[in-house]
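Visitor: got a predicted structure here, sequence first:
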Amino acid sequence: MSDPVHPLGPCSVAEFLSRYWQRRPLLIRGAFPGFDSPLSPEELAGLALEDGVASRLILERGKHPWELRHAPHEPGTFEALPESHWTLLVHEVDQWIPGVGRLLDGFRFLPNWRLDDVMVSYAAPHGSVGAHLDHYDVFLLQGRGRRRWSIEKTPRPAGEATVPGLDVRMLAEFDPDEEWVLEPGDMLYLPPRIPHHGVAVDACMTYSIGFRAPHQKELAAAFGADLTERADPGLRYADPDLKPGVAPGEIDASTLARIRATLERLDQDEEALAAWFGRFATEPKRERAEPEGEPEWSAERLRAAFGSSGFRLQRAAPGRFAHYRHGDGEVSLFVGGEAYRLSEESSAFAALLTGGAILDGTTLAGYLANEELLRWIARWIHHGFLFVEDGTAR
């Protein structure tokens, strides 16, 4: 039987993780039965014109083959497009449209920090971005219309050849093993580096739920910067045990041992690693403008609102929330790249906030007297990590 909480059809979470996750593709017919797209093509095009929204427009028959145009797009852009063979892709739509963000509730069996974003694409008939591969896991949910997907079942190695001279990265060779036409509510899971090609059968929308997989260079650069910030400038290399007889131009084993010992004095225990990774993993991937004006919500106003019927908050993006439990029972809560320390008495709040629970006066009843927590919530609303759900009391 399918689990109604998870959009995996007849496949259980345990089976999916053991047989398919990062291993092989999976087609799920009716993953979201009766799916009703939370936004229209016109709303998606309007969102693409907004300041701060990342989007791309790909025209197979543009000024040159496979022309790529990045935002910002000029008003009137979409009205001037041809009737076929183009695709609009809008990134991080889950952070702008609450109904799109709610799609992520079905994927909470995966770690928050792995969730990247929901990219929504609109394709005119025959629209495509070409045969390509991604370096991360992705669920491709058909939102409107129909799209034909062709895939190779075997992951490609790194460094695969692409067609030279194009704006987009398109595979030079593509030999599909499987092909399906997806209708609204159908979903295709693809592990990293699976070659795939989607073509719109008719005008259609696709929701791409992507999962981040930071590469080693990215991790090393970020962790190295954190170590540098925490390094003690007063701690210098020292060699009071220097012995005679070493050639002046030689870097010998004892020198390297002293260098290693100096570096190893940097704080690299598990708690230091968790403190860095929690901030790194929840930091928005695109720089966010500081919100203008004074915060709309105060601790006092939130307390009153939570006391009224129907008031509740929604997370703008689950991937911006995580927590780490310390050995002493305290918890570090990470929101949007910042860390907050919670006492053992308030530690359950972290699991509540970073989990899938509804954030309303009932679930938060035990914390409404905590002034500091309410101030944090007000700050997260102000910075766009939480928002008041439409239709609730204000």
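Guide: It's in. Numbering: from 1, shown residues only.

Visitor: correct me if wrong: Lys153 contacts Leu190.
Guide: No - Lys153 is beyond contact range of Leu190, at 10.2 Å (criterion: CB atoms under 8 Å). The way it works is simple: take the backbone N, C-alpha and C, and place the C-beta from them, glycine included.

Visitor: need the overlap of contacts for those two.
Guide: Pro25 (CB atoms under 8 Å, 6 or more residues apart in numbering).

Visitor: quick one: contacts for Val90?
Guide: Leu44, Leu47, Ala48, Val53, Ala54, Ser55, Met119, Val120, Ser121.

Visitor: again but with Leu88, I slipped
Guide: So Leu88 contacts Leu44, Ala45, Ala48, Ser55, Arg56, Leu57, Phe78, Ser121, Tyr122, Ala123 (CB under 8 Å, 6+ apart).

Visitor: if I look at the fifth one, how far off is His70?
Guide: Arg56 sits at a distance of 6 Å from His70 (criterion: CB to CB, to the nearest Å).

Visitor: so for those two, which residue has more residues nearby?
Guide: Arg56 (20 against 10; other CB atoms under 10 Å).

Visitor: does the more buried one have beta-bridge partners, and which?
Guide: For Arg56, the beta-bridge partners are His70, Leu89 (DSSP bridges).

Visitor: ok, Arg102 touching Gln314?
Guide: Yes - if you go by CB under 8 Å, Arg102 and Gln314 touch, sitting 7.5 Å apart.

Visitor: so what's the residue count around Arg23?
Guide: 12.

Visitor: repeat that for Gly52.
Guide: Gly52 - counted by other CB under 10 Å - has 12 other residues nearby.

Visitor: returning to what we had before: inside helices: which ones of the contacts of Val90?
Guide: Judged by DSSP state H, the contacts of Val90 include Leu44, Leu47, Ala48 as members of helices.

Visitor: so for the last one, what's the pLDDT?
Guide: On pLDDT, Ala48 comes in at 96.

Visitor: ok, the spatially closest residue to it that is not a sequence neighbour to Gln95 distance?
Guide: Among residues not flanking Ala48 along the chain, Ser55 sits closest, at 4.1 Å (CB to CB, 6 or more residues apart in numbering). As for Ser55, its distance to Gln95 is 13 Å (criterion: CB to CB).

Visitor: including distance to Trp376 and neighbour count, could the ones in helices among the contacts of Val90 go into a markdown table?
Guide: As requested, the ones in helices among the contacts of Val90 are arranged in a markdown table below (distance: CB to CB, whole Å; neighbours: other CB atoms under 10 Å):
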| residue | distance to Trp376 | neighbour count |
| --- | --- | --- |
| Leu44 | 33 | 23 |
| Leu47 | 29 | 18 |
| Ala48 | 33 | 24 |
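
Visitor: thanks a lot, catch you later.
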